[in-house]
Each structure stands twice: as C-alpha cells, then as structure tokens.
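*Asks:* coordinates only, no sequence provided:
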C-alpha cells in the first residue's frame, strides 16, 4: 500500500501529477516542434522534435525554477522510463512491419560489411578514448563497462531517427537510403547484444541463470512469431467482405506483442530486437498486416515519434558544462563518433566500390544517435558499474547534440547530391532483367485488378527476380465536398465500414489482391488516392517519383462488354491517362484488358497452362521499351514470348522514309541523319536481344516483311488469335512506311497507331494489348505531344 501511495500520490498537492506532467510535456513538445519546423525550414522533422525536447529540458526552459519543479519531480522518473519502454515497443514493432525484408536479405552482405566496418573502427576509437575519459571524468568502477558504453555510443545508429529522416528527405526508397536503414538495423542488433552484457542481470545473476532466462526469452519470441502467423492467416480468412480487421482483433495482436516484450524486459533483456523480429516476421499481405500498418503508422508517426524524439532531447543537460574542459570532453566524444563512422564507412565503400560522395553521406546517416544509446546509458547508471555523473552527462548530451548536428548536415548533403540521389529513371530497354522492378499499377475499380496483378506476377520473370509492386486505387472526388482528402498512405483512412470513398470497390480490390498474394507469394502494396480527375495525374506522377517506379501501368478508359466489344468509360479516365503520358518521369503502359491475361495469377501459383505473348517491334524508343519490358515476361516459366519484328520489304526506299521534301535542304539532311541514327540504335538493340535471349531458346523471334500499313494490318490480323497479350510501343517511329495509312481512322492517339488498331472494336483480336511509352525528357515540354 505504501508503494502504491508513493507512485500515485505523495501528498495532496501532487495527486495525479505524473499524468499532468507528461501531458504538459507532450503538449509542449508537439507545439515547439511545429514552431521549430516552421522557423527552421532545413531542419528535418525528427531533429525539430529533438530540439523541442532540448528546449524545454534542463538545458532550456527548465532552468526556470517553477518550470523545473513542475516538469522534473523526483517520483516522475519511473513514469518517463515506462513511457519510453512502451514507445520503443510500438516503434520497433512498426519498423519490423515496414522493413523490406527481401531487400535486407538480398543486400545482407553489403549491409553487414558496412555495419561491421563501422563497428570495428568505432571499437578501436573507443579503446583509445576509454582510459582518457575514465581519468578525466573521475570515474570509479569497472573500466571495461565504460569501454562497452563508449563503443555502443560510437558504433550504434538510431534506426528510428534514421528511418524518419530518410522518409522526410525522400530518399527512403533509394538504394542508399534502404542500405543505410539495413546497416542501422544490423548495428542495433549488435548494440543490444552489448547492452545485455552491460545490463544488471549480467552483473547480479549467475551465468546459468542468465542462460536459462535467455532461452525463456527466445522461446517467448519464437512462440509469438508462430502464433502471429496462424492468427493472421485465420483473421484474414474470417474477415471476408471487410476492408480491415475489427478493433478488438487488432487489440488482441497488440496486447500479445506488448506482453511478450515486457516479459523479455522483465527477464533482464532488451525487447528492441524481439519487437523488431516480431514485426519483420509478421505475414505480409492480407487484412491483418494492412490494418496494423494503418493503425500503427498514424499513431506512431503523429504521436509516438514526436514524443519519443522529444523525450530524447529532454534528457540532455548542458548546464554541467561550466568550464572549457567539460566542453572539450563533449567535443572529443562527438568527433570520435563522426570520425569512427566516416572512416569505417569509407573503408567499406572502397571495398564495395561505392562512390565516395555516397560513402560520406552514408557515414553521416549512420552517425545519428537514438534509443539504444540512451537505454545503455540509463542501464549503466542504474547498474553503477561505472559511477561518474560527469561521464553520463557528457554522453547523454553527446547523443542529442550529435543528432542535432548531423540532421541539418545530412539535409544539406542530400540537397547537394539531389542529382545523384533524386529520382533517375532508367529505361527498361537498358535494364538488366535480373534487377529489381518497381511497378505502380493503377485501377479505377475492381474490373482490371485480376489482369493487373497477373501482369505484375509474370513481369517478375524468374521467381528469384525482385519486384516491388504498388496498386493504386484511383477514386474520383466529386465536386461537392470542399475538402482535401488526398492521401497516399493507408494511415490517413478511417477504418469504419461506412467510408465515403471507394465503397464496395475497395473490398473487392482488397480481396482480389489478398487472394493473389496467398497464391503467388508476391506482396502488392495497396494505396489509395482520392482527387478530381483534373488533378488526379499529379497524384499518380508524384507517388511514382516517391517510390522510384520503373513503369506505371494504367487501365484503358474502355472496358470489354459481354459481346466482346469495347465500351467507353468515363472521359475523366482518358484525360488522366493522357496527362500522365505527358508528365510522368518514367515509362508508362496502358493496358487494354480483354480478360485473357487474368489467368497469369493462377498460372504463377502453379498451373501448367502456357500463355503466348507477342511483342511487336517496328522501331523507335517506345518499341525498344516494349521489348525491354517483355523480356522480363519471357523468363517466366508460364510465358511463351515471341518477338515479331516488322521490316520494310523495299529496302532501297528506306533511307528517305519520313522526309518531307518541302523542307529546307539542311532540315532534310538532319531528318535523314536522325533516321539513320535511330535505325542503328534499333539494330544494335535487336542484335543484343537476339544474342542473349533468342539464341538461348528463351524467346522466339519472327521477322515479317511488309511494304505498307495495309500489309502490316493484314499481318496483324493473321496473328490476332494466336496470342493472349500483345505488347507494342506507342510511337516514336517517325513517318514509317510500315504504318502508312493506319492512322487515318485513329480513335485514341494516346495508344499510338498500332496500339489503336489492336484496341479497336473493328479489329477482331481476342488478346489484351499493352501499349508502352518510354520516358523522354522532352515529353512534357509540349503539352500536346501525345497526339503526335
């Protein structure tokens, strides 16, 4: 009873004070962080939140006696530590859910080399500085524990701060950003293992007891991971015709995670790794993962992160820096941290043959400090293995100042390296089919979803090829509501079944994607954008840049009726496609869905049926891009790809094709030169393609000699029933004799001459059509170029 009184009410004046104090601190941190964000534009969000905590802490406003008496009462410390523990559990579980595990496994060697190199160099630096710090801070106790504490500080990276910072700077989808996050997570694991040595059980309990507790903690971790797998699958099956799980089902999962995490902590081990692994091993895809991400992202990003980072700054106290010597110790520690990370990272980058400028930026990213450092210092102070207030104050302030220094510096380096780190599209025609493919598929309703996901499944080619796929549900925002409800992340949705936007279409799309994920194992990230058709293209283009998409797949504005004819849909869909063709910074594909490629999803799941796909090549950059995309399909074991190249029968007339004799002589010569250059590029591309894929037997190759558009049309009619999917470039061929006269009755210029013919209701073809346009920087210089 006395203990309860001590925690809840020391006297009448302090009744419920912990709640009031934390509420006031949270409010102050949130307000000040927004003020700092407005006043200091270059300062990233996490750094502004740390700075807000720093401002109301002992180094700032709490120097005022009345504020200090209110914010820092003796009995409130346990409440702060408990709040920090629960925040760490939520943060690390969410980080695990958001972690790109396939990327981490593919790049485990690179990330381990970088993390290992920085750890070795920081350990060397810590060894050289430990004796000096031990003497100058007047420490007493075990010097080895001080060495371990300094090693953790120098070598560790605050992964939550790093993840938020890379997202704020929009480099989280770049290779550098993802590699930094992967290396930081590995560093977290090493730091937590050192923390186990520093922690109190390591000092008080026998070795056999510690091993026993370790096995118990491991059993709890494995048990909750296995239970989560079965529970998530069961909830996904039970929640048919629902967008998300019910709140009580979410609470069951979260309570189980929190119980295991606190159980691991009570056994004397940090729950940081456990929470991360529980999140990383949680089944991807399905309503369970989607609901958890939505719920946790909103709560953590908008509430837990600001408070947690603010609490980090709140712990710093620079009032002890009363002389230059104490300040010098602080500077030495910060310089050792920066020097260890730079030297270790540059050594690793030299070994990995990475550019020097990226190595420097990576070093500063990995130099951000965070939760493990503060936990280690807190445990060390409580353990009393090393007793020195000056040492702990120096290290705590160094954690905060290090991030405050590196944050704006990183933002400046990213801005300077924007050309390198920014979104740089790499054409599919030059991409290696074994490289990661990032696809953004857009749908306006559930009708084309099965075909889109089937195309995504087959575009990965071999099962070993990584593919990162996003399915964006585009919903028209009516003119009536006067609100901005654009959102690219599920956390901005309301989770009630009465959502105004999307209706039952969302449920059908979710179910189709979930079934596809279960059958194929390919995870498709779902996003939703609600906006008027007038500005919808901006949402698509911006999101494609954010995820660094290789290609955007768009549905044609017409859909197939029961009788096989194509029926017009909303005109806004067509105008959106046209604007995306002009403004997108990557390749675009418009899919005319006739339903015959929908079986790709089931085929990828194990069916032995074979699909025949034709890639039509007439020449030009768009056709090269179409063949570049199709070669990924050609490596899929259920796709039989045939490349059909159309060549002019009268070769003696070819050099002057497309030249307008009414032009000036120099214009004629330039047109001939450009045509010849394009022709040489086409020949070189097809020669390389032939040698790599046709001679190996992966792809079939046919050449058709035609003299005019009429013969081309005839040849296309002959193969109309042979293939379930036609892939062709939009245009960029100039005035080719192969398509002369084919554009006279063109209905949809955005499909190009050949694509429009294949999509026409008058053209009796049973297969779907994918029209590909390669991104060219000049595309958005002329708003009407898509009509050419």
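*Replies:* Everything's here; your move. Computed from a prediction, not measured in an experiment: that's the story for all the values here.

*Asks:* quick one: the helices in the stretch 651-788 of the chain?
*Replies:* Using DSSP state H, counting those that start in this stretch, the helices found in the stretch 651-788 of the chain span residues 665-689, 709-718, 752-759.

*Asks:* contacts only, for residue 511.
*Replies:* Listed by C-beta atoms under 8 Å, 6 or more residues apart in numbering, the contact partners of residue 511 are 240, 241. Quick note: C-beta positions are derived from backbone N, CA and C, even for glycine.

*Asks:* I figured residue 308 hits residue 158, correct?
*Replies:* No: the criterion here is C-beta atoms under 8 Å, and residue 308 misses it with residue 158 at 10.5 Å.

*Asks:* got any residues that touch both of these two?
*Replies:* Listed as contacting both residue 308 and residue 158 by C-beta under 8 Å, 6+ apart are residue 371.

*Asks:* re earlier: quick one: closest of the helices of the stretch 651-788 of the chain to residue 446.
*Replies:* Minimum separation from residue 446 across these (C-beta to C-beta) falls at helix 752-759, 21.2 Å.

*Asks:* so how far is the closest one off the chain centroid?
*Replies:* 35 Å (C-alpha atoms, centre = their mean, to the nearest Å).

*Asks:* show me the contact partners of that helix.
*Replies:* Helix 752-759 is contacted from outside by 556, 558, 566, 590, 592, 616, 618, 622, 712-713, 716, 726, 728-731, 739, 742-743, 746-749, 751, 763, 765, 769, 771, 773, using C-beta under 8 Å, 6+ apart.

*Asks:* from the residues you listed, which land in strands?
*Replies:* Per DSSP state E, strands hold the following members of the contacts of helix 752-759: 558, 566, 590, 592, 616, 726, 728, 729, 769, 771, 773.

*Asks:* which among these gets closest to residue 389?
*Replies:* Among the ones in strands among the contacts of helix 752-759, and counting by C-beta to C-beta, the member closest to residue 389 is residue 773, at 66.1 Å.

*Asks:* what's the weakest-modelled helix or strand in the chain?
*Replies:* Taking mean pLDDT, DSSP states H and E as the measure, helix 2-8 is the helix or strand of the chain with the lowest mean score, a mean of 39.

*Asks:* and the next helix or strand past that one?
*Replies:* Downstream of helix 2-8, the first helix or strand assigned by DSSP states H and E is helix 17-39.

*Asks:* any idea of the mean pLDDT in the next helix or strand after that following helix?
*Replies:* Under the assignment DSSP H and E, the closest C-terminal helix or strand after helix 17-39 is helix 45-56. For helix 45-56, mean pLDDT rounds to 78.

*Asks:* next: stretch 725-741.
*Replies:* Computed over stretch 725-741, the mean pLDDT rounds to 78.

*Asks:* so who does residue 158 touch?
*Replies:* Residues near residue 158 by C-beta under 8 Å, 6+ apart: 184, 368, 369, 370, 371, 372, 373, 403.

*Asks:* please report phi then psi for the closest residue to the first one other than its chain neighbours.
*Replies:* Counting by C-beta to C-beta, 6 or more residues apart in numbering, residue 157 is the residue found nearest to residue 184 once chain neighbours are left out, at 3.8 Å. Comment: the main-chain dihedrals of residue 157 come out as phi -120, psi 130, following degrees, to the nearest 10.

*Asks:* what sits against residue 157?
*Replies:* The contact partners of residue 157, taken as C-beta under 8 Å, 6+ apart, are 183, 184, 187, 188, 365, 366, 367, 368, 369, 370.

*Asks:* just confirm the last one contacts residue 312, I think it does.
*Replies:* So that's residue 370. Yes: applying C-beta under 8 Å, one finds residue 370 in contact with residue 312, separated by 7.0 Å.

*Asks:* now the common contact residues for these two.
*Replies:* Contact with both residue 370 and residue 312 is made by residues 399, 403, according to C-beta under 8 Å, 6+ apart.

*Asks:* buried subset of the contacts of helix 752-759?
*Replies:* Listed as buried from the contacts of helix 752-759 are 556, 558, 566, 590, 592, 616, 618, 622, 712-713, 716, 726, 728-731, 739, 742-743, 748-749, 751, 765, 769, 771, 773; burial here means 16 or more other C-beta atoms under 10 Å.

*Asks:* do you know how far residue 382 is from residue 375?
*Replies:* Separation of residue 382 from residue 375 (C-beta to C-beta, to the nearest Å): 11 Å.

*Asks:* comparing those two, which residue is more hemmed in?
*Replies:* Counted by other C-beta atoms under 10 Å, residue 382 and residue 375 do not tie: residue 375 has more neighbours, with 22 against 11.

*Asks:* enumerate the positions of the one helix or strand the more buried one maps to that are buried.
*Replies:* Using DSSP H and E, residue 375 falls within helix 371-383. For helix 371-383, the neighbour count (16+ other C-beta under 10 Å) marks 371, 372, 373, 374, 375, 376, 377, 378, 379, 380, 381, 383 as buried.

*Asks:* my reading is that residue 574 lies in a helix. Confirm?
*Replies:* Yes: Residue 574 sits within a helix when classified using DSSP: H, G, I helix; E, B strand; the rest coil.

*Asks:* number of nearby residues for the nearest residue to it once chain neighbours are set aside?
*Replies:* Of all residues not flanking residue 574 in the chain, residue 557 sits nearest, at 3.9 Å (C-beta to C-beta, 6+ apart). Residue 557 is flanked by 22 other residues according to other C-beta under 10 Å.

*Asks:* then the one 5 residues further on?
*Replies:* By the measure other C-beta under 10 Å, the count of residues near residue 562 is 5.

*Asks:* and what of the one 3 residues further on?
*Replies:* Residue 565 is surrounded by 10 other residues when neighbours are defined as other C-beta under 10 Å.

*Asks:* can you pull the contacts of it?
*Replies:* Each residue near residue 565 by C-beta under 8 Å, 6+ apart is listed here: residue 761.

*Asks:* what does the model give it for pLDDT?
*Replies:* On the pLDDT scale, residue 565 is placed at 73.

*Asks:* report all helices and strands that the helix holding residue 375 contacts.
*Replies:* With contacts defined as 3 or more C-beta pairs under 8 Å, 6 or more residues apart in numbering; DSSP states H and E, the packing partners of helix 371-383 are helix 77-98, helix 143-155, helix 175-198, helix 200-204, helix 272-280, helix 305-314, helix 389-416.

*Asks:* among those, which is the most enclosed?
*Replies:* Comparing the helices and strands packed on helix 371-383 by mean neighbour count (mean count of other C-beta atoms under 10 Å), helix 305-314 ranks first with a mean of 26.

*Asks:* that one - what's its average pLDDT?
*Replies:* Helix 305-314 carries an average pLDDT of 79.

*Asks:* stretch 452-466 too?
*Replies:* Across stretch 452-466, the average pLDDT comes to 82.
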